[in-house]
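S.K.: sequence first, then the predicted structure:
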Number of protein chains: 2
Amino acid sequence: MPRKTSAADAPLRLDNQICFAVYSAAHAFNRVYKPLLDRLGLTYPQYLVMLVLWERDDVPVKDIGERLFLDSGTLTPLLKRLEAAHLVKRTRSSEDERQVLIALTAQGHALKEKARAVPQSILAASDCSVSELVAMKDEIVALRDRLNAVIGE
Amino acid sequence: MPRKTSAADAPLRLDNQICFAVYSAAHAFNRVYKPLLDRLGLTYPQYLVMLVLWERDDVPVKDIGERLFLDSGTLTPLLKRLEAAHLVKRTRSSEDERQVLIALTAQGHALKEKARAVPQSILAASDCSVSELVAMKDEIVALRDRLNAVIGE
DNA sequence: TCACATTTAATTGTTCGCAATTGAATGTGC
DNA sequence: GCACATTCAATTGCGAACAATTAAATGTGA
């Protein structure tokens, strides 16, 4: 009997991996975002940082990192690029010299208006109702938080 | 009236972005996988390539790329690292000299047995029933495929 | 057959992402 | 007040990820 697909191999089949589904979906999102963000002069991780700053300005690097689950090794060079693009300003905190505070420039604030077109385009590309997307988002966030809980232990 | 949170800003709020949910979940998976894959001497993308090869061996780089949605710019150096680790062998196809065929070595085949422990650990970490995970996976794959359909147009 | 397009990997350059280390600033216990 | 640990950002090194280009092999049409 030729074993075409062994039942014992099912857990190792690529199409059965939820992590690959998530991984490949993240890349698919990235590719959809790319042309939209090119118009803003941002990469996707840079866009995420700008989303954080548009909500609240003048925050230390660490706060941004906690929000996005990224560390200074990723954020420091990224923020320097945003500074080179005149979107943010980096200044040492006077109260605590260890911290670097990230503030939006006028250009950084202004970019928010151009960015409003992005979520609409993404919604159209996902070809899905808002309520469905919200439900999926909540499930994925719940899974992510359970995974992160395992790591911190 | 001080606008703490404007309704017009809702589409730009980080916590409303499904893409960020997916993006951060992918990173969370990566962090859970890391200690498990360290024992196999693999990174997560390398593990994905091995999953493909464990299903079918002796395939051109392009086939692996189509399966994983990756191009040669990513795969060529990755496969060279797997070759340096004696897990795969890269040989030009004799029928079509443009293709490079990737075959598992004996070590590469053997690693499959050690890898069987990985999906179990992931299942435990996700703290979720198999049926729930399968349902989520199918939803995410469907979303990914709709996004990819938009790109190829 | 010969010019031309297509296919396939490899290469180059830029940007993440993270582990590990460094160094400066701050906090704590004695 | 002083040794000590902690916190925070920056740095270094490695491995993806991808756009753009290159180069070789193959296929196609006149």
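M.R.: Here it is on my side, so go on. Numbering: from 1, shown residues only, chains lettered A, B, ... in the order given.
S.K.: helix or strand for the residue of chain A found nearest DNA strand C, which one?
M.R.: Taking CB to the nearest atom of the strand, DNA strand C has its nearest neighbour within chain A at residue A:73, 2.7 Å off. Backbone N, C-alpha and C define where each C-beta goes, glycine included. Residue A:73 belongs to helix A:72-84 when elements are defined using DSSP states H and E.
S.K.: is that helix in proximity to DNA strand D?
M.R.: Yes. Interface with DNA strand D: helix A:72-84 contributes A:72, A:73, A:75, A:76, A:77, A:79 (CB under 7 Å from any atom of the strand).
S.K.: what's the most distant pair in these?
M.R.: A:73 and A:79 (11.8 Å; CB to CB).
S.K.: who's more crowded, these two?
M.R.: Legend: neighbour count by other CB atoms under 10 Å in any protein chain shown for residue A:73 and residue A:79, higher for residue A:79 (20 against 9).
S.K.: from what I see, that one and residue A:88 are in contact.
M.R.: Yes. Look at residue A:79 against residue A:88 with CB atoms under 8 Å: they come within range, at 6.4 Å.
S.K.: identify the contacts common to these two.
M.R.: Common neighbours of residue A:79 and residue A:88, using CB atoms under 8 Å, 6 or more residues apart in numbering or on different chains, are residue A:102.
S.K.: what residue is smack in the middle of chain A?
M.R.: residue A:48 (4.9 Å; CA atoms, centre = their mean).
S.K.: any buried residues in the helix holding residue A:73, and which?
M.R.: The neighbour-count check on helix A:72-84 (16 or more other CB atoms under 10 Å in any protein chain shown) flags A:75, A:78, A:79, A:82 as buried.
S.K.: give me the contacts around it.
M.R.: Contacts for helix A:72-84 (CB under 8 Å, 6+ apart): A:45-46, A:49-50, A:61-62, A:64-65, A:68, A:88-90, A:102, A:108.
S.K.: circling back: so who does the residue nearest to the residue nearest to the centre of chain A when sequence neighbours are not counted touch?
M.R.: Nearest residue to residue A:48 in three dimensions, chain neighbours excluded: residue A:68, at 5.5 Å (CB to CB, 6 or more residues apart in numbering or on different chains). With contact set as CB under 8 Å, 6+ apart, residue A:68 has these partners: A:45, A:48, A:49, A:52, A:75, B:14, B:20, B:24.
S.K.: if anything else comes up later, I'll come back, but that's it for now.
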